[in-house]
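> Got a predicted model here, sequence first, then my questions.
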Amino acid sequence: IISIAGRARQESVVAQDLQNLVSDWKKLPLPLDLHKAQKDVYVLGNLEEVLTQLDDSMVKINQILGSRYVAPVRREATMMADRLMLFQETLDEWILVMRQWLYLENIFQAQDIRRQLPMATKAFTNVDIFWKETMKTASEAPSALEAGTQKG
């Protein structure tokens, strides 16, 4: 009985750790800043808190998955680990795309460039529309994790 009670207690601790990790992500918003004071045009803000929590969460979820008491919550823990990995990959790409978009936006604001490079201007315009729609959708997400792992 003591052995069973001890195992149940440890399984409960692992389940609570997972629940705390999920709860922490539900409370963390994606930091967005308005771009050049334009209405509904956003760029990623200071990501330090998000990146710190992501690093901490990756360590914690691996500890949970490595526990011998994970069996009752293994499915949920695996799903969370997959979601965190997807978020990490998405965030890396998001930052890269944002940097490139900011660079190109400055170039293609010049009418002279737009006239000289009509095909490139058209391509950038498509990317510009996609970026703005993506960031608007991200601004409506309830949390950073939701914003970075939604379908689409």
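Noted; the coordinates are in hand.

> rest of the way, CA atoms for contacts and neighbours
Fine.

> Which stretches in this protein count as strands?
Listed in chain order, the strands of the chain (DSSP state E) span residues 32-34, 42-44.

> Switch the ones you listed over to JSON lines; also include mean pLDDT, mean neighbour count and distance to residue 10.
Formatted as JSON lines, the strands of the chain follow (pLDDT from 0 to 100; neighbours: other C-alpha atoms under 10 Å; distance: least, C-alpha to C-alpha, whole Å):
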{"stretch": "strand 32-34", "mean pLDDT": "94", "mean neighbour count": "15", "distance to residue 10": "39"}
{"stretch": "strand 42-44", "mean pLDDT": "96", "mean neighbour count": "22", "distance to residue 10": "39"}
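
> Figure out which of those strands is closest to residue 126.
strand 42-44 (16.6 Å; C-alpha to C-alpha).

> I'd like to know which elements that closest one is packed against.
strand 32-34, helix 74-108, helix 118-140 (3 or more C-alpha pairs under 8 Å, 6 or more residues apart in numbering; DSSP states H and E).

> for the shortest one, packing partners?
Helices and strands in packing contact with strand 32-34 are listed as strand 42-44; criterion 3+ C-alpha pairs under 8 Å, 6+ apart.

> Can you mark which positions in stretch 88-106 are buried?
88, 91, 94, 101 (16 or more other C-alpha atoms under 10 Å).

> Same check on stretch 62-70?
64, 65, 69, 70.

> swap in stretch 134-143?
Of the residues in stretch 134-143, 135, 136, 138, 139, 141, 143 count as buried by neighbour count, 16+ other C-alpha under 10 Å.

> thought the third one was touching residue 145?
Which is residue 138. No: between residue 138 and residue 145 there is no contact under C-alpha atoms under 8 Å: 10.0 Å.
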